[in-house]
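Student: Give me coordinates for this.
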Amino acid sequence: METLVEMRHVKKLDLRMNHLVLSVDETANFSMFERLTHVDVRDNRVAELDMSAVRTLEYLNCERNAMSSLHVNGTALKNIFAACNCE
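Tutor: Residues are numbered from 1 along each chain as shown. As a prediction, the model looks like this:
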């Protein structure tokens, strides 16, 4: 996350297939991206995902994680993929 803080103008964030375990606090930091429209965190180990602070989010793929909780802001959201999640 320290590296990402310096990239405020990122529009697409692809973190798929990295065995990531993102905490709610870490995903809350995604709101610092002023233009973030696409997030792909599929095929990781994310249990809870809170993207509600990201008002510009249009596309979210969080398939094949271990999610039991998902929060999004629907203001700009066009596509969401969250299949195959289990605890």
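
Student: Do I have it right that residue 27 meets residue 49?
Tutor: Yes. Judged on Cβ atoms under 8 Å, residue 27 makes contact with residue 49 at a distance of 5.7 Å. To be clear about C-beta, it is placed using only N, CA and C from the backbone, and glycine gets the same treatment.

Student: got the contact list for residue 30?
Tutor: With contact set as Cβ atoms under 8 Å, 6 or more residues apart in numbering, residue 30 has these partners: 13, 36, 39, 51, 53, 54.

Student: Those residues: which two are farthest apart?
Tutor: With distances taken as Cβ to Cβ, the most widely separated pair in those is 13 and 53, at 14.1 Å.

Student: Please settle this for me: is residue 49 part of a strand?
Tutor: Yes. Assessed with DSSP: H, G, I helix; E, B strand; the rest coil, residue 49 lies in a strand.

Student: Could you check the pLDDT of the residue most central in space within the chain?
Tutor: By Cα atoms, centre = their mean, the chain has its centre lying nearest to residue 39, at 5.0 Å. In this model, residue 39 is scored at 95, pLDDT.
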